[in-house]
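Novice: 3D, please:
(one chain, ligands or ions: 2)
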Amino acid sequence: MKRVKFREIRSLRVKLTIYALISMIATMLIMAVAFSVFQLHLMDMGINNMAILLIFSLLIFTAFFLLISYDTILYLKEIIIGIERMKNGDMTVELQVEGEDELAIIANSINEMRLRIAGEAMTKRIAEQTKDDLITNVAHDLRTPLTSIIGYLDLVKRDDILTPEQKDKYIRIVYDKAKSLENLIEDLFDYTRYEKDKFKIECSDFDLNQFMIQIVDEFYPSLSEKELTCVQDFCPEPLMVCCDGELLARAVGNLVNNAIKYGSDGKQIEVYTKKKGSNAVIQVVNYGRIIPKEDLEKVFEKFFRVEGSRSLKTGGTGLGLAIAKNIIELHKGTIQAESGPAGTVFQVELPLV
Ligand code: ATP
Ligand code: MG
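Specialist: Ligands and ions are numbered 1, 2, ... in the order given. Here you go, the predicted structure:
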């Protein structure tokens, strides 16, 4: 109640009334002085002189009123100029918020509106840019294998100049390239499919230790191809989580796949599960190539690859970790990376049941 009264006192209406009162008192004082100096008497005045006196008083009142309310009028003008500039697209204008009256409230609301509009415009620009980047990257990644598929098919078409062995070799290459195209297209679908808030997951309770044993099992062929061993150390007690097994397998599979792909210089990769407070933790560790500190966050962005060049043979399209992150976040979990001479660790935390 008190606050309302306080606001009332500072309101524009009260302010203008006070200005009018001050102007009126000042006018009356001036008139009183004029009467005494010129020894005038109201009773002796004719109707014409009375009219002149009234006009004269009104002029003095108006002059005083304009003088006292000059700051308020100036402030109002500033607000109008600001609004005009915003209307013409200049979103850098920030209106001064002076006092607590209605004009200050208007200025404040306009500032908030400006920030919201500028924020929305920025989000729209970023979305446009992301879409453009996506199209450029996808176009590039589709074109590279497609160009060599066309090139090899062209060679195979010229039947007469190739030996059967060469033909077989080229067909195998074409097959591999077509497979990598298929993988890329699948990754693209998955990336958009598993975007946060868009995808409904089908959860069930299971033990993360058992789950990890299965995942690592599936990678034995690629591990032995790269002559790597996988050290496993799991939490002695069951780690019950409520997750979509298929999706989680995709996310963790991407981490193990990366560990094998980028850790082939080391002798082994390591997979751990632990309990940390109310969370279950999965760690996938590899040695060899180190991810620079400034790239540790970026590796989870779509299409980001530490190697930069998109045509390098190692690695794929830079979607694996972005997909993994989307999936982990769908499960209200977190994923982070650390990398140094002591190894590269990808750590996933998921809430325990
Ligand atoms: P994709 O997984 O889509 O086939 P990718 O492996 O290049 O392609 P991500 O899995 O998203 O893409 O990884 C992004 C980048 O992060 C990789 O290109 C690589 O440079 C780096 N990276 C990822 N995992 C590791 C790791 N375990 N050790 C070292 N670098 C890694
Ligand atoms: Mg990958």
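
Novice: how many neighbours does Ala51 have?
Specialist: Counted with other Cβ atoms under 10 Å, residues neighbouring Ala51 total 11. Glycine gets a C-beta too; all of them are placed from N, C-alpha and C.

Novice: just so I have it, where are all the helices in this protein?
Specialist: Listed in chain order, the helices of the chain (DSSP state H) span residues 2-9, 12-37, 47-68, 70-87, 102-157, 164-193, 208-218, 220-225, 245-262, 320-330.

Novice: quick one, which of these is packed in tightest?
Specialist: Mean neighbour count (mean count of other Cβ atoms under 10 Å) peaks for helix 320-330 among those, with a mean of 23.

Novice: so what secondary structure elements neighbour that helix?
Specialist: When contacts are defined as 3 or more Cβ pairs under 8 Å, 6 or more residues apart in numbering; DSSP states H and E, helix 320-330 packs onto helix 164-193, helix 245-262, strand 334-340, strand 343-351.

Novice: Tabulate the ones you listed (CSV), appending distance to ligand 1.
Specialist: Formatted as CSV, the helices and strands packed on helix 320-330 follow (distance: least, Cβ to the nearest ligand atom, whole Å):
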stretch, distance to ligand 1
helix 164-193, 5
helix 245-262, 3
strand 334-340, 7
strand 343-351, 4
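
Novice: Put together CSV for those, with distance to ligand 2 on each row.
Specialist: Formatted as CSV, the helices and strands packed on helix 320-330 follow (distance: least, Cβ to the ion, whole Å):
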stretch, distance to ligand 2
helix 164-193, 9
helix 245-262, 4
strand 334-340, 12
strand 343-351, 11
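
Novice: Now the weakest link among these, please, by mean pLDDT.
Specialist: Of all the helices and strands packed on helix 320-330, mean pLDDT reaches its minimum on helix 164-193 (a mean of 87).

Novice: Give me the angle between that helix and helix 245-262.
Specialist: With axes from the mean of the first three to the mean of the last three Cα atoms, to 10 degrees as the basis, helix 164-193 and helix 245-262 are set at 130 degrees to each other.

Novice: any idea how far helix 164-193 is from the chain center?
Specialist: 34 Å (Cα atoms, centre = their mean, to the nearest Å).

Novice: and the chain, which residues reach ligand 2?
Specialist: Asn258, Gly320 (Cβ under 5 Å from the ion).

Novice: re the thing from before, among the helices of the chain, which is nearest Ala342?
Specialist: Ranking those by proximity to Ala342 (Cβ to Cβ) places helix 245-262 first, at 14.6 Å.

Novice: okay, the angle between the closest one and helix 208-218?
Specialist: In terms of direction (the same axes, to 10 degrees), helix 245-262 departs from helix 208-218 by 50 degrees.
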